[in-house]
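Q: Sequence unavailable; structure follows:
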């Protein structure tokens, strides 16, 4: 038998009487009684009382699922009166009604032994037969409060109420309340909150979380919120979305940077994985208040960035704007400065969304363990970068040499080096992107190699090169790091081929090989003369690596993945031709000049003198890639959404007492 719920003590007679009335009322409701039977004004009075969340939630927790079902009539009445009180002109009544609903639903959703969430839970809350009518009244009331926007506390509670509804289940597609919510499109009302600076700072992360999750409801079907996001052309709204995302990433970057600096000083802190968990939603308390939604802000903002980049062609103006932290002030917005701006002398430090995202990604990539949510969010970062580098306008921005945008890249600790935080303040942003890609190729060579992440990384490099070839852009860049990274990847695959899935491994190796093939054909346009020569030098120096890869692929042409192996054998042809062409000539030159060990400049001299006699096989479609499509990735995105839902559900919504002035 469950122990009786203890009533909390009170410090004054007045408060004691209010606490007592609240407790008596809810005791009666959970016993199936009607405390309003003899008092017509009962519900108006009860919602003037402060909500005792602890006592309320304990009542629900102490009841079994069957006991809640047995008193569903009283609980349905409570739910219905809360919905009606939300529309009260008395702001305290309205706010307390919403807080009551938040706690009521959170408590019932936490009960894990209901046989059927869709029926039993809804039956306890509002009565399953009343689902459509009551939920419509609820969501209409929420929409009205958000649309009115005059009372910040009410808007805040309305948004939190939406989050409680949306995060009720791990699978958003099976949430029957979201099925009803999606019928009432609040997109315009929600995005209007992003126009003004103050409202954006107060509600922005919740708005972004709500929209990004609703876009992911039944992705395989028509989705009103996805259509609305696609059609947004208002620069103020788009800039507001970018501002919220950029601000969230900046806070995350500051947290990571602080930990990295303390580690560099020898401070005793948790490893970077625990920091990642804090940012994206682990159980660490250390940083839970760095975001408006606790530790969940960055994850939801990352999902929103993906959806906006994918769906809205106009968002490119936000990505390519050099300063997007502050959206343009909306007409009628009286908030001239934010608290953050006031702390900095009335000016908010400007930052570019893309550069901030690259820094965020560099920190995020430090944890790509399959067991953690870091792997899923890392893949989402690479997917976003794939979409960005497919866009011509964004690529032009990336390659603009006249921009004064700095990018900070975090490089994790490895055996041969300490952790490093490097800031690239000169040259186009694409050089920082390439550094990020090369760093990833170098620093994630593990026996459980995550082929999909490596494939995305190589795909981003290939997209950048395709743009450079298409526009005949010659980038001032030290390409030596790329050659070394590609060779290192191939060596690792060779060394660990027994523990890797061959089809995926051959696919990734083939991507690396074809980047080399691409630059063999188009490098004279894209690379400096020295850079082009150095590429051939590296291919020759890694002769044994590529020969071994060829032999491995040749052996597997009759194995379980013959097509992937055969394709790799074919694409290695030109590299083998280069090796077979230059190696004998290098040996001849060394013999003629009586040199035992050639220096790099001497090898480069031989290479330059023998280009004319080199014959390479013509390869098709080296400058083409398969554009990103979402359908094959929906299952992966559903897992990302589950991670975000679980984090949001555990976040303390801080339903503080109502204080109206």
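A: Looks like it came in fine. Just so you know, these numbers come straight off a predicted model, no measurement behind them.
Q: average model confidence for stretch 319-331?
A: Stretch 319-331 carries an average pLDDT of 60.
Q: where exactly do the strands run in this protein?
A: Secondary structure of the chain (DSSP state E): strands at 407-411, 420-424.
Q: which secondary element of this structure has the worst mean pLDDT?
A: Sorting the helices and strands of the chain by mean pLDDT, DSSP states H and E puts helix 339-343 at the bottom, at a mean of 35.
Q: Name the single longest helix found in this structure.
A: helix 235-264 (DSSP state H).
Q: same for it, what does it pack against?
A: helix 187-192, helix 197-215, helix 272-280, helix 297-311, helix 316-319, helix 353-364, strand 407-411, strand 420-424 (3 or more Cβ pairs under 8 Å, 6 or more residues apart in numbering; DSSP states H and E). Using the backbone N, CA and C atoms, a C-beta is placed for each residue, glycine as well.
Q: Of those, which is nearest residue 223?
A: helix 197-215 (6.2 Å; Cβ to Cβ).
Q: Against which helices or strands is the closest one packed?
A: Partner elements for helix 197-215 (3+ Cβ pairs under 8 Å, 6+ apart): helix 152-166, helix 187-192, helix 224-231, helix 235-264, helix 297-311, helix 634-650.
Q: Low-confidence stretches in the stretch 51-200 of the chain?
A: Applying pLDDT under 70 to the stretch 51-200 of the chain flags the ranges 115-116.
Q: can you pull out the helices in it?
A: 53-62, 65-70, 72-85, 91-109, 122-125, 131-148, 152-166, 176-181, 187-192, 197-215 (DSSP state H, counting those that start in this stretch).
Q: quick one: low-confidence parts of this protein?
A: If you take pLDDT under 70 as the line, the chain has these spans: 1-19, 38, 115-116, 263-296, 322-351, 370-372, 656-661.
Q: ok so, going back, could you dump the strands of the chain to CSV with distance to residue 582 and mean neighbour count?
A: Formatted as CSV, the strands of the chain follow (distance: least, Cβ to Cβ, whole Å; neighbours: other Cβ atoms under 10 Å):
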stretch, distance to residue 582, mean neighbour count
strand 407-411, 33, 21
strand 420-424, 34, 14
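Q: Just put these in JSON lines and tack on distance to residue 254.
A: Converted to JSON lines, the strands of the chain look like this (distance: least, Cβ to Cβ, whole Å):
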{"stretch": "strand 407-411", "distance to residue 254": "11"}
{"stretch": "strand 420-424", "distance to residue 254": "12"}
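Q: The longest helix of the chain vs helix 297-311, what angle?
A: 140 degrees (axes from the mean of the first three to the mean of the last three Cα atoms, to 10 degrees).
Q: quick one: buried residues of helix 235-264?
A: 236-253, 255-256, 259-260, 263 (16 or more other Cβ atoms under 10 Å).
Q: Stretch 447-460 too?
A: By 16+ other Cβ under 10 Å, the buried positions in stretch 447-460 come out as 449-460.
Q: Residue 205 versus residue 234, what's the distance?
A: 20 Å (Cβ to Cβ, to the nearest Å).
Q: Also residue 260?
A: 24 Å.
Q: and what of residue 96?
A: In terms of Cβ to Cβ, residue 96 sits 24 Å off from residue 205.
Q: ok, now residue 643?
A: For residue 643, the distance to residue 205 - Cβ to Cβ - is 16 Å.
Q: With residue 485 instead?
A: Counting by Cβ to Cβ, the gap from residue 485 to residue 205 is 36 Å.
Q: now residue 428
A: Noted for residue 428: a distance of 31 Å to residue 205, by Cβ to Cβ.
Q: Which one's more surrounded, those two?
A: A count of neighbours by other Cβ atoms under 10 Å puts residue 205 above the other of residue 428 and residue 205, at 26 against 21.
Q: pretty sure the more buried one is touching residue 249, no?
A: No - the criterion here is Cβ atoms under 8 Å, and residue 205 misses it with residue 249 at 11.5 Å.
Q: which neighbours do these two share?
A: residue 301 (Cβ atoms under 8 Å, 6 or more residues apart in numbering).
Q: if we can go back for a sec, TSV for the buried residues of stretch 447-460, including distance to residue 651?
A: Shown next, in TSV, are the buried residues of stretch 447-460 (distance: Cβ to Cβ, whole Å):
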residue	distance to residue 651
449	34
450	28
451	33
452	29
453	28
454	33
455	33
456	29
457	32
458	36
459	34
460	32
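Q: Closest one of the residues you listed to residue 89?
A: Nearest member of those to residue 89, counting by Cβ to Cβ, is residue 456, at 53.7 Å.
Q: how about the closest one, what does it touch?
A: Contacts of residue 456 (Cβ under 8 Å, 6+ apart): 379, 382-383, 385-386.
Q: ok, now with 10 Å
A: Neighbour list for residue 456: 378-386, 437, 440, 450, 511, 628 [criterion: Cβ atoms under 10 Å, 6 or more residues apart in numbering].
Q: Got the phi and psi for the residue nearest to residue 182 when sequence neighbours are not counted?
A: Sequence neighbours aside, residue 217 is the residue nearest to residue 182 in space, at 5.7 Å (criterion: Cβ to Cβ, 6 or more residues apart in numbering). Note on residue 217: its backbone torsions stand at phi -80, psi 120 [degrees, to the nearest 10].
Q: Distance of residue 217 relative to residue 172?
A: Plainly put, residue 217 is 5 Å away from residue 172 if you go by Cβ to Cβ.
Q: With residue 632 instead?
A: Residue 632 is 20 Å from residue 172, by Cβ to Cβ.
Q: residue contacts, residue 31?
A: Residue 31 sits in contact with 67, 70-71, 74, where contact means Cβ under 10 Å, 6+ apart.
Q: Next: residue 207.
A: With Cβ under 10 Å, 6+ apart, residue 207 has these contacts: 146, 155, 159, 162, 186, 189-194, 199-200, 240-241, 244, 300, 304.
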